[in-house]
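Generate coordinates for the sequence data below:
(one chain, ligands or ions: 1)
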Amino acid sequence: MTVRVRFAPSPTGYLHVGGVRTALYSWLWARRHGGSFVLRIEDTDAKRSTPENEQVILDAMRWLGLDWDEGPDVGGDHGPYRQTERMALYREYAEKLIAAGKAYRCYATSEEIQAQRAAFEAEHGNKGFRFRSPWRDRTDGDPSQPHSVRFKTPADGVMGWNDVLRGPIEVANKEQQDFVLLRPNGLPLYNFGCFVDDLTMKITLVVRGDDHIVNTPQQLLLYQAMDAEPPRFAHLPMVLGPDGKKLSKRHAAVSVLEYRDLGYVPDGLLNYLARLGWSHGDQEIFTRDELIALFDWDHVGKTAGRYDLKKLEHVQGHHLRAHTDARLAELVAPFLGARGITVPADDPRLVRAIGPVKLRATTLADLAEGLDYFFREDESLEYDPKGRKKFMGPDQAVTLEKLAELAEQATPFDAATLEGLIGAWVEESGIKMKLVAQPARVALTGRTASPGLYETMELLGRETTLRRLRRGAELARTPAE
Ligand code: GLU
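Numbering: from 1, shown residues only. Here you go, the predicted model:
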């Protein structure tokens, strides 16, 4: 059987990283088996679902490179792929169930339901109420009057399944009330919409969070009522924060697009999320192709993974540095732009500067920060106040002027020549290298940390190096406040 899996987000907000992990495992499974990955938008909550939210989900999925074979924008043989466009189908299936005696029209008003609830609670407390509709066995209703459609839940027996991750799960049917399939306004309830969609979209495996375990028996009862073979189910444990509570904004960024805007690369985030709940020996770093080749359900943990920002950053930094410098130049350009720096992505100086700078960077934003002073006009170069105070006092003015003099003589203007000239002078004059390198670094970059001094000079080029050293000498003579 061809593998068909789906991701079914509700467009009621941003795409949460926990949701992405569900989407990722489904996608990996589909890609591993040459199957289909379906994107279905569950937008029946009219108040909270918006086209903007749907767009955010699509943008996030695209940025991550989790491509879908069928979905609202690309179509497919089992569409439409937005629930609000499938109303006729829900009606059709509700009628089929009514005709088969498996569902019925219920004309009970909310007042009647409330009254029954109040009577139950007065006797038994506020737990365990299940509405018993007087319409379950009546056939004298008038279908032109407002009514909901309810499922006729079998009074006895159990419904169970062998969960791919949890093993056998069983729930007694008497635990379920005659649940609503369609509201009086024709909107399907989640369990019914999900069932009709998974059935008609020929889904073979449903992957979702374990908060949906409570829904699965009702969905399975519907398959049974239709004599249809259900898909398999894999219920994933929640992603937790470091404190063991459900991962939320209090712990870390949780919206995928926030990671994009922070300068993460998609493979870093995906690799981390894949490992948060799945393992392959001790391996931490995976390419996308490796994940596709290796992902399996046997190694998905049954307990919730805790989000660990340090680990995420470690994995992320690794994937950032795995890009070629030319590709990083393209990726970092918008982040430089956000800092007011415009450099063409193919500027050879940019590509060369990336080599040493990326060694200290975790994200594209870090990379832009580390590249900043190479491309900034001298006038807007900012000096770290502590560095300036510590390393650029009046005593250093002469050193900086001497460095400018030596740098002017360097031909060619490259790291080796500069090292030869400056190194010889340092040795001859007996001055401590630290007292030369740190003032020079602050004068050239504004900072106390940068790639090697000579490499930095070479990358800045002769003109900028001389200007900044001389400007540094002037600043050194003007005491910092
Ligand atoms: N729209 C549901 C959600 O976002 C989908 C649940 C499912 O995958 O069945 O939680």
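
For the stretch 1-150 of the chain, what lies in contact range of the ligand?
8-10, 42 (C-beta under 6 Å from any ligand atom). For the C-beta atoms, the positions are set from N, CA and C on the backbone; glycine is no exception.

Could you save those residues as JSON lines and add columns showing secondary structure, pLDDT and neighbour count?
JSON lines is the format used below for those (DSSP: H, G, I helix; E, B strand; the rest coil; pLDDT from 0 to 100; neighbours: other C-beta atoms under 10 Å):
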{"residue": "A8", "secondary structure": "coil", "pLDDT": "98", "neighbour count": "25"}
{"residue": "P9", "secondary structure": "coil", "pLDDT": "97", "neighbour count": "24"}
{"residue": "S10", "secondary structure": "coil", "pLDDT": "96", "neighbour count": "18"}
{"residue": "E42", "secondary structure": "coil", "pLDDT": "97", "neighbour count": "19"}
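
What is the most widely separated pair among these?
Greatest spacing in those, by C-beta to C-beta: A8 and S10 (7.8 Å).

Now for the two: what residues contact both?
41-42 (C-beta atoms under 8 Å, 6 or more residues apart in numbering).

how close does the closest residue to the ligand within the stretch 151-300 of the chain get to T200?
Nearest to the ligand, among the residues of the stretch 151-300 of the chain, is R208, at 3.6 Å (C-beta to the nearest ligand atom). Here the criterion is C-beta to C-beta, to the nearest Å. By it, R208 lies 18 Å from T200.

Quick check: the residue of the stretch 151-300 of the chain closest to the ligand touching L236?
Yes - with contact defined as C-beta atoms under 8 Å, R208 reaches L236; the gap is 7.0 Å.

So these two - more neighbours on which side?
Shown here are R208 and L236; by other C-beta atoms under 10 Å, L236 has more neighbours (26 against 20).

which one of the residues of the stretch 1-150 of the chain next to the ligand sits closest to R91?
Nearest to R91, judged by C-beta to C-beta, of those is E42 at 17.4 Å.

how long is stretch 176-184 from one end to the other?
Using C-alpha to C-alpha, to the nearest Å, one end of stretch 176-184 lies 21 Å from the other.

same for the lowest-mean-pLDDT helix or strand in the chain, what does it pack against?
Ranking every helix and strand in the chain by mean pLDDT, DSSP states H and E puts strand 305-306 at the bottom, with a mean of 90. Where contact means 3 or more C-beta pairs under 8 Å, 6 or more residues apart in numbering; DSSP states H and E, strand 305-306 is packed against strand 239-240.

How about the strand it packs on and the ligand, touching?
No - if you take C-beta under 6 Å from any ligand atom as the test, strand 239-240 misses the ligand, and the best it gets is 13.7 Å.

Can you identify each of the strands in the stretch 51-200 of the chain by residue range?
Taking DSSP state E, counting those that start in this stretch as the criterion, the stretch 51-200 of the chain carries its strands at 103-106, 148-151, 158-163, 167-172, 180-182.

what does the shortest one contact?
The set of residues that contact strand 180-182 without belonging to it, under C-beta under 8 Å, 6+ apart, is 90-91, 94, 97, 103, 106, 148-151, 188-189, 191-192.

before we move on, what about the second one?
Defining contact as C-beta under 8 Å, 6+ apart, one finds that strand 148-151 is touched by 94, 97-98, 102-106, 133, 135-136, 178-184, 192, 218, 221-222, 225.

Which of the contacts of strand 180-182 are buried, as a ChimeraX select command?
Selecting the buried subset of those in ChimeraX, with 16 or more other C-beta atoms under 10 Å as the burial test, is done by:
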select :90,94,97,103,106,148,149,150,151,188,189,191,192
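
And the contacts of strand 180-182, which is closest to Q316?
Q316 lies nearest to N191 out of these, by C-beta to C-beta, at 37.8 Å.

ok, now which ones touch that closest one?
179, 181, 215, 218-219, 222.

Just among those residues, which is most surrounded?
The most crowded member of those, judged by other C-beta under 10 Å, is L181 (27 neighbours).

what are the ranges of the helices in the stretch 151-300 of the chain?
190-200, 216-225, 256-262, 266-275, 288-294 (DSSP state H, counting those that start in this stretch).

hmm, back to that, now the contacts of strand 180-182 as CSV including pLDDT?
Shown next, in CSV, are the contacts of strand 180-182 (pLDDT from 0 to 100):
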residue, pLDDT
Y90, 98
R91, 98
A94, 98
L97, 98
A103, 98
C106, 98
S148, 98
V149, 98
R150, 98
F151, 98
P188, 97
L189, 97
N191, 98
F192, 98
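
V315 and D77: what is the separation?
Taking C-beta to C-beta as the measure, V315 falls 37 Å from D77.

which of these two has more neighbours?
A side-by-side neighbour count of V315 and D77, using other C-beta under 10 Å, places V315 first with 24 against 8.

thought the more buried one was touching E284?
Yes - between V315 and E284 there is a contact at 6.5 Å, judged by C-beta under 8 Å.

list residues touching both of these two?
Going by C-beta under 8 Å, 6+ apart, residues that sit against V315 and also against E284 are R275.

could the helices of the stretch 151-300 of the chain be laid out in TSV, adding distance to the ligand?
Output for these, formatted as TSV (distance: least, C-beta to the nearest ligand atom, whole Å):
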stretch	distance to the ligand
helix 190-200	5
helix 216-225	8
helix 256-262	14
helix 266-275	17
helix 288-294	21
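
Relative to R470, which of these is closest?
With C-beta to C-beta as the yardstick, what comes closest out of the helices of the stretch 151-300 of the chain is helix 256-262 (37.3 Å).

Now the common contact residues for R208 and L236.
Counting by C-beta under 8 Å, 6+ apart, the common neighbours of R208 and L236 are T22.

can you tell me which residues contact the residue nearest in space to the middle of the chain?
Compute the mean C-alpha point of the chain, and by C-alpha atoms, centre = their mean the closest residue is V256, 3.4 Å away. V256 is in contact with 14-17, 20, 60, 63-64, 269, counting by C-beta under 8 Å, 6+ apart.

Repeat that for L15.
Counting by C-beta under 8 Å, 6+ apart, L15 touches 9, 56-57, 60-61, 255-257.

just R4 next, same as before
By C-beta under 8 Å, 6+ apart, the neighbours of R4 are 30, 35-36, 38, 201-205.

change it to 6 Å
Contacts here follow C-beta atoms under 6 Å, 6 or more residues apart in numbering; on that basis R4 touches 35-36, 202-204.

Repeat that for T362.
T362 touches 313, 316-317, counting by C-beta under 6 Å, 6+ apart.

ok, and for stretch 22-34, which residues are buried?
Within stretch 22-34, the residues that count as buried by 16+ other C-beta under 10 Å are 22-31, 33.
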